[in-house]
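Novice: When you get a sec, could you give me coordinates for this:
(4 chains)
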Number of protein chains: 2
Amino acid sequence: MRPNKRDELVRKALEIFYRDGFNATGMDRLVVETGVSKTSMYKHFRTKEDLILAALRLRDENFRNWLFRECENRADTPEAQMLAMFDALAAWFAQDGFRGCMFIKASAEFQDKAHPINVQAAEHKRLLLNWLTGLAQQAGFAAPESLAMQLLLLKEGAIVAAAMLGIDGPAQEAKQAARVLLDHAPGSR
Amino acid sequence: MRPNKRDELVRKALEIFYRDGFNATGMDRLVVETGVSKTSMYKHFRTKEDLILAALRLRDENFRNWLFRECENRADTPEAQMLAMFDALAAWFAQDGFRGCMFIKASAEFQDKAHPINVQAAEHKRLLLNWLTGLAQQAGFAAPESLAMQLLLLKEGAIVAAAMLGIDGPAQEAKQAARVLLDHAPGSR
DNA sequence: TCGAATATGTACTGATCTGTACACTAAAGG
DNA sequence: CCTTTAGTGTACAGATCAGTACATATTCGA
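Specialist: Next up, the predicted model:
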């Protein structure tokens, strides 16, 4: 049995969508670049939208797993892990082919809030927010939701700024800001 | 002489691009929605790209003027104006038809860093950063560039979060975070 | 060896895309 | 009055879009 052509298709489609955008990438080019025949593509995914959704699901899984693991590897306490997130981001920004956040892009290209792609992109951000909230709770902060949202703002801002203004600066400044916020947040740590 | 059909075209194109996206909006639909004939459109703008650039120029002018004025109207000192920016943002988020930042979207749809549209979008962010740096300098902070970048991260993060997760929360949390950052930034105010 | 499943290649449909061609109209200004 | 300028309307070219049709090939378990 082949190692699931379908998974490989999604993996490559993800790569191409991330690099070139959703609307700007036609199915014909996906056929050429993935090497999967058009017939097979449409057997696995009834529409382009379905393929995009599958790619976003994979991206969500990959990105969150990567980020959580990075934070765990870089720090032991929940508070230190929140701070370490910005080191992980800095490493990501420095990678070849960094192009910003795929979910922000997806939300930008499919603006309708009822559109499945928009819904799924928003869900990704919500999951990250929940994760940060959990860490803030574990760390014993008095207002974990508030702190989590503030750190999320720094993270999203850093991604946008790194993608638009260059990777030097945003991640470092985000971390410095996060340290100040953590140091002065109310709570009985 | 008519009140400049060209300006009206750019104004309406801006509105439509903001609402529906760049790649998703065809010239044929612009013809219908603006009421300007296709011949005229292509007489004023040689390509769709030129029209997008003109729309972005107008947006940049409008947005920066609006933001600067809002901050001046809401506060007197440079430091207070930096904080007031987040109140202005909150008001923007609450407006009907709020769809996030047009320049982030433009940068998402035209990812190539050498592309004129990407260049212009980045320039908008750079101008905002410079403005914040100026305010931080006037306010007498010791590291104005650093503080300005941190506030920019909060601003961009708030816009993204408001567009994706809902308008309640991001602006308020961004302001709270900004207050903490301002209160604990080094400098002889 | 048969049959089901999964793949391929390619030509096609009908829509939509950006941009052009061409003939026409309205009006202002010297 | 006549030229210039700015506009209209529409048909079209050539490319590309998402998605389908159809005939063929490969693989693998029963």
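
Novice: Only C-alpha atoms from now on, for both contacts and neighbour counts.
Specialist: Noted.

Novice: any weak-confidence spans in chain A?
Specialist: A:1-3, A:188-189 (pLDDT under 70).

Novice: mind checking the longest helix of it?
Specialist: helix A:48-74 (DSSP state H).

Novice: As a check, name the ranges of all helices in chain A.
Specialist: A:5-20, A:27-34, A:38-44, A:48-74, A:78-94, A:102-109, A:116-138, A:144-165, A:170-183.

Novice: With distance to B:His124 and mean neighbour count added, can I get those helices in CSV?
Specialist: Listed next are the helices of chain A as CSV, based on distance: least, CA to CA, whole Å; neighbours: other CA atoms under 10 Å in any protein chain shown:
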stretch, distance to B:His124, mean neighbour count
helix A:5-20, 22, 18
helix A:27-34, 33, 14
helix A:38-44, 40, 14
helix A:48-74, 29, 16
helix A:78-94, 21, 20
helix A:102-109, 18, 24
helix A:116-138, 25, 19
helix A:144-165, 10, 25
helix A:170-183, 16, 22
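
Novice: would a markdown table of those with distance to B:Gly166 be doable?
Specialist: Compiled in a markdown table, the helices of chain A are given as follows (distance: least, CA to CA, whole Å):
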| stretch | distance to B:Gly166 |
| --- | --- |
| helix A:5-20 | 24 |
| helix A:27-34 | 32 |
| helix A:38-44 | 34 |
| helix A:48-74 | 20 |
| helix A:78-94 | 23 |
| helix A:102-109 | 13 |
| helix A:116-138 | 9 |
| helix A:144-165 | 12 |
| helix A:170-183 | 22 |
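
Novice: pretty sure A:Val31 contacts A:Ser37?
Specialist: Yes. The pair A:Val31 / A:Ser37 is scored as a contact, 5.8 Å apart, by CA atoms under 8 Å.

Novice: returning to that earlier point: and the angle for the longest helix of chain A with helix A:78-94?
Specialist: 120 degrees (axes from the mean of the first three to the mean of the last three CA atoms, to 10 degrees).

Novice: wait, does helix A:48-74 contact chain B?
Specialist: No. Helix A:48-74 lies out of reach of chain B by CA under 8 Å from any CA of the partner chain, never closer than 14.5 Å.

Novice: packing partners for that helix?
Specialist: helix A:5-20, helix A:78-94, helix A:116-138 (3 or more CA pairs under 8 Å, 6 or more residues apart in numbering or on different chains; DSSP states H and E).

Novice: Could you check the angle the shortest one makes with helix A:48-74?
Specialist: It refers to helix A:5-20. Using the same axes, to 10 degrees, the direction of helix A:5-20 lies 80 degrees away from that of helix A:48-74.

Novice: Can you tell me what sits against helix A:5-20?
Specialist: Contact partners of helix A:5-20, identified using CA atoms under 8 Å, 6 or more residues apart in numbering or on different chains, comprise A:25, A:30, A:34, A:36, A:41, A:44, A:51-52, A:54-56, A:58-59, A:97, A:99, A:102, B:111.

Novice: Mind putting the helices and strands packed on helix A:48-74 into CSV with distance to B:Ala148?
Specialist: Below are the helices and strands packed on helix A:48-74 laid out as CSV (distance: least, CA to CA, whole Å):
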stretch, distance to B:Ala148
helix A:5-20, 30
helix A:78-94, 18
helix A:116-138, 25
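
Novice: Let me have those helices in JSON lines, extended by distance to DNA strand C.
Specialist: Shown next, in JSON lines, are the helices and strands packed on helix A:48-74 (distance: least, CA to the nearest atom of the strand, whole Å):
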{"stretch": "helix A:5-20", "distance to DNA strand C": "4"}
{"stretch": "helix A:78-94", "distance to DNA strand C": "31"}
{"stretch": "helix A:116-138", "distance to DNA strand C": "19"}
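
Novice: do you know which of those helices lies nearest B:Glu79?
Specialist: When these are compared by CA to CA, helix A:78-94 sits nearest B:Glu79, at 26.5 Å.

Novice: helices or strands up against the closest one?
Specialist: In terms of contacts (3+ CA pairs under 8 Å, 6+ apart), helix A:78-94 is packed against helix A:48-74, helix A:116-138, helix A:144-165, helix A:170-183.
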